[in-house]
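[1] A predicted structure for the sequence below; I have some questions about it.
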Amino acid sequence: MARGLSLDLLTRVRNIKWQVGAIFVVVGRDNVYYYKATSKTAPPDQRKLTIPDSPLGPVGPFSASSYTLISGKPPKPTFLVSGLVDHEDVDEQSALAAVVLASRNGLDWHHTFLSETGFDIQSDSGSRKPWDTLVNALVRSTDGFFYHDQRVARPGMAQVMTPTGFNQWVHEQVYRSPTGETWEGPISDDQIWYGAETMGYRSVFPPSYCTHNNCKDTLDQNVPDGFMNVSKNALMRPKTPITINYGIPSFDYGESNVIEKLVPSIVNIIVPVLEFVDCVAGANGIWMAGGRSGAAISFDVGATWTKIPFIDDSVRSISAAPQQDIK
């Protein structure tokens with residue numbers, strides 16, 4: 001009897017171990033990828049995803065991602081991805097809107113956020129100037145909320161006084177959501193300006209909403225979720241993380257292929273198959289690093305890395321979930 005119970009327990013342990021793996025949502029500039037890995041020898045489930053169009057049209061390019069397991073009965077695994085949609089051509093200007101999409105499994109996506117759209121009438125010419133909205137960041141904070149940060153420009157409003165003189169209306173706005181499904185805000189709405197990037201402008205977003213990430217860029221701003229791994233057991237970050245110029249916005253990429261592993265102490269890990277590492281994520285001991293030259297995966301705590309040929313894109317963000325989260 002005892003022996004039968006022992007064998008049954010051993011079978012269960014083996015089966016559980018066999019099921020352990022990681023699911024990655026990889027945000028490239030041009031596409032979003034699904035990548036499920038269970039072991040170094042097992043073929044991965046890798047797919048280039050078809051992202052549904054927004055109410056204004058197709059989404060692209062893509063920008064950021066985040067993941068969390070929301071507590072409840074049952075718990076809800078939640079991936080988020082943000083990007084842009086080009087929705088109008090007016091006066092040779094292309095109007096952009098920000099979108100956020102959600103998924104419970106990393107495969108099936110639906111829209112949950114669309115930035116406000118509209119236009120102003122240019123006072124001197126009477127021409128129609130559409131608003132432009134660009135994505136800055138998307139994170140899950142330790143306070144139980146997702147935060148989406150965006151920059152909104154209204155080209156028709158050109159007489160706003162700023163530290164560099166009269167400029168157009170440009171604001172940094174932050175929205176929040178407990179589940180990623182419905183969004184409140186803007187909960188902050190700050191005027192920025194052209195030239196802000198050269199005058200020391202610092203976003204209110206990183207210090208307020210992702211201080212837990214413990215990952216600073218060259219402007220001493222905290223780097224959002226999708227550029228690093230925030231797992232409780234293995235905090236990892238790029239050695240030279242992306243610098244986020246929230247006032248433009250734009251990204252200045254890092255110049256290193258080194259990852260810092262922070263737990264239990266700081267260890268530098270080189271990713272030789274990538275020229276640069278701009279983001280990193282992991283779950284269940286499986287790591288993925290990404291950058292301008294694609295993505296690579298490690299099954300041995302970063303000792304060896306394998307390039308992922310399937311992901312032929314400039315990788316901007318990676319989010320990872322333990323396979324057991326996704327039922």
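    Ah, there it is. Residues are numbered from 1 along each chain as shown.
[2] drop to CA atoms for contacts and neighbour counts, all remaining ones
    Fine.
[3] check for me that Lys73 belongs to a strand.
    No: Lys73: not assigned to a strand; according to DSSP: H, G, I helix; E, B strand; the rest coil it is coil.
[4] next, give phi and psi for it.
    phi -120, psi 100 (degrees, to the nearest 10).
[5] what of Ala98?
    According to degrees, to the nearest 10, Ala98 has phi -90, psi 140.
[6] ok, it to Pro58 distance?
    Going from Ala98 to Pro58 by Cα to Cα, to the nearest Å gives 12 Å.
[7] burial measure for the residue lying closest to Asn214 once chain neighbours are set aside, as a count.
    Sequence neighbours aside, Asn222 is the residue nearest to Asn214 in space, at 6.7 Å (criterion: Cα to Cα, 6 or more residues apart in numbering). The number of residues packed near Asn222 is 24, by other Cα atoms under 10 Å.
[8] Lys216 is in contact with Asn222, correct?
    Yes: using Cα atoms under 8 Å as the test, Asn222 is close enough to Lys216 to be in contact (4.6 Å).
[9] follow-up on the earlier one: overlap in contacts of Ala98 and Pro58?
    Counting by Cα atoms under 8 Å, 6 or more residues apart in numbering, the common neighbours of Ala98 and Pro58 are Val85.
[10] between these two, tell me which one has more neighbours.
    Neighbour tally, Ala98 and Pro58, criterion other Cα under 10 Å: the higher count belongs to Ala98, 29 against 14.
[11] contacts only, for that one.
    By Cα under 8 Å, 6+ apart, the contact set of Ala98 is 82-85, 113-115, 133-135, 150.
[12] could those go into CSV alongside distance to Pro43 and secondary structure?
    Formatted as CSV, the contacts of Ala98 follow (distance: Cα to Cα, whole Å; DSSP: H, G, I helix; E, B strand; the rest coil):
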residue, distance to Pro43, secondary structure
Ser82, 29, strand
Gly83, 30, strand
Leu84, 33, strand
Val85, 34, strand
Phe113, 35, strand
Leu114, 37, strand
Ser115, 39, coil
Thr133, 40, strand
Leu134, 37, strand
Val135, 34, strand
Gln150, 38, strand
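[13] about what we covered before: give the full set of residues in contact with the residue nearest to Asn214.
    Applying Cα under 8 Å, 6+ apart, we find Asn222 in contact with 206-207, 210-211, 213-216.
[14] need the buried ones from those selected in PyMOL.
    Only the buried entries of the contacts of Asn222 go into this PyMOL selection, using 16 or more other Cα atoms under 10 Å:
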select buried, resi 206+210+211+213+214+215+216
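[15] closest to Thr304 among the contacts of Asn222?
    Among those, Cys215 lies closest to Thr304 (Cα to Cα), at 23.8 Å.
[16] mind pulling up the pLDDT for that closest one?
    Confidence at Cys215, expressed as pLDDT, is 80.
[17] from what I can see it touches Asp225, true?
    No: between Cys215 and Asp225 there is no contact under Cα under 8 Å: 9.6 Å.
[18] tell me which stretches of the stretch 101-250 of the chain form helices.
    205-209 (DSSP state H, counting those that start in this stretch).
[19] coming back round to it: which of the contacts of Ala98 sits closest to Ala289?
    Taking Cα to Cα as the measure, Ala289 sits nearest to Ser82 out of these, at 19.3 Å.
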